[in-house]
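predicted structure and sequence below. I'll ask about it afterward.
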Amino acid sequence: MQNWLKKMTKSNLLKVTNLHATSHDGKKVLKGVDLEINKGEVIALLGPNGCGKSTLAHVISGNSKYKVDNGKITFKRKVVNSFTPEKRVKIGIALTHQHPPALKGVPLSVFLKIISKKDNDKEEMNIGSELLHREVNLDYSGGEKKISELMQILKLDPKLLILDELDSGLDIKNLKKLVGTIKKELVSKKVAILIITHSGRILDLLKPDMTCVMIDGEIYCKSKDYKKVLKTIDKYGYEKCKRCPFLAS
Ligand SMILES: Nc1ncnc2c1ncn2[C@@H]1O[C@H](COP(=O)(O)OP(=O)(O)OP(=O)(O)O)[C@@H](O)[C@H]1O
Ligand SMILES: [Mg+2]
């Protein structure tokens, strides 16, 4: 098929259009977000603290703490605004949380069996085996929580994975190990990834196809060159991204 025809017929895996959302205490956080992710794409989302990155991740995955005031979330051509979080997981939307909750009394090994979508679930995981007998996220270190999050995600067989600051709290050895697992188990199978981060470390390892910058609940910059975006932010601050010099460059 010719490239222009492929482009016309290709439908986005995720399409977020003019999304406005408010937190449960009435704070307007998302103010018109547009975002498209195709199958197999790796997208980075940068932005200052409190600009709404995690809120966007929560709203896409259906967290009822947030109210969608306007806009559409389309996944695999279906508008999913009214879908429960469970239904969104079933159709392939998965999120590793920035601050995952603990599940007292539930060993991680049991939880992984409960949530697993895989028929034949006998394979050994090459990460986190030392955590299996412990209760989910209870008294885990920051890095151990991230490992546990990824172990859970691998059981969910996602089509879109949102990584909310997976890299924060991970030492470089564990970050490389987790990214290695993400590449082997997900990227190679054309799972789309949205990476929310403040640092270039995870981007150097996962090489995003596109990088976006969110400021005050809106996405401004969209660039193919994450290094240029990071350099611009470093030199001039996020405000410069409002007049994106690299729009899809
Ligand atoms: N449930 C809530 N109740 C009140 N305020 C909230 C709620 N959820 C988010 N907010 C506020 O909305 C804003 C956006 O928060 P969010 O967690 O999305 O930011 P972020 O871009 O992920 O920041 P960071 O880089 O620090 O993780 C913040 O000011 C936050 O305090
Ligand atoms: Mg956040």
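Yes, it's here. Ligands and ions are numbered 1, 2, ... in the order given.

can we go C-alpha only for contacts and neighbour counts from here?
Fine.

give the residue spans of this structure that score low on pLDDT.
For the chain, the stretches with pLDDT under 70 are 1-10, 119-125, 245-249.

those residues of it touching ligand 1, which are they?
When proximity is defined by CA under 6 Å from any ligand atom, the chain lies next to ligand 1 at 23-25, 29, 48-55, 65.

so Glu149 is in which element?
Here Glu149, judged by DSSP states H and E, is contained in helix 142-156.

which strands and helices lie in contact with that helix?
Under the contact definition 3 or more CA pairs under 8 Å, 6 or more residues apart in numbering; DSSP states H and E, helix 142-156 sits against strand 93-96, helix 108-115, helix 172-185.

kindly recompute the last result at 10 Å.
Secondary-structure packing of helix 142-156 (3 or more CA pairs under 10 Å, 6 or more residues apart in numbering; DSSP states H and E): helix 85-91, strand 93-96, helix 108-115, strand 135-136, strand 160-164, helix 172-185.

how about the ones you listed in TSV, adding mean neighbour count?
Formatted as TSV, the helices and strands packed on helix 142-156 follow (neighbours: other CA atoms under 10 Å):
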stretch	mean neighbour count
helix 85-91	16
strand 93-96	24
helix 108-115	16
strand 135-136	22
strand 160-164	25
helix 172-185	16
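
for Leu194, which of the ones you listed is the nearest?
Judged by CA to CA, the one of the helices and strands packed on helix 142-156 that comes nearest to Leu194 is strand 160-164, at 4.7 Å.

give the other helices and strands that the closest one contacts.
Using 3+ CA pairs under 10 Å, 6+ apart, strand 160-164 sits against strand 42-46, helix 53-60, strand 93-96, helix 142-156, strand 192-196.

chain center to that strand: distance?
Remark: strand 160-164 is offset 2 Å from the chain centroid, using CA atoms, centre = their mean, to the nearest Å.

repeat for stretch 140-156
14 Å.

give me the buried positions along it.
For stretch 140-156, a neighbour-count test (16 or more other CA atoms under 10 Å) marks 140, 142-156 as buried.

returning to that earlier point: nearest to Ile219, of the helices and strands packed on strand 160-164?
Nearest to Ile219 among the helices and strands packed on strand 160-164 is strand 42-46 (8.9 Å), distances taken as CA to CA.

okay, and the beta partners of the nearest residue to Ser54 once chain neighbours are set aside?
Spatial nearest neighbour of Ser54, chain neighbours left out: Asp164 (6.6 Å); criterion: CA to CA, 6 or more residues apart in numbering. Per DSSP bridges, the residues bridged to Asp164 are Ile196.

so what's Asp164 up against?
By CA atoms under 10 Å, 6 or more residues apart in numbering, the contact set of Asp164 is 45, 53-54, 57-58, 95-99, 146, 194-197.

and Ile195, how far from ligand 1?
12 Å (CA to the nearest ligand atom, to the nearest Å).

and Ile193, by the same measure?
Distance of Ile193 to ligand 1, computed by CA to the nearest ligand atom: 17 Å.

about what we covered before: out of the helices and strands packed on strand 160-164, which is closest to Leu13?
Across these, Leu13 has its closest neighbour in strand 192-196 (8.1 Å, CA to CA).

same for the closest one, what does it pack against?
Counting contacts by 3+ CA pairs under 10 Å, 6+ apart, strand 192-196 is packed against strand 28-37, strand 42-46, helix 53-60, strand 93-96, strand 160-164, helix 200-206, strand 210-215.
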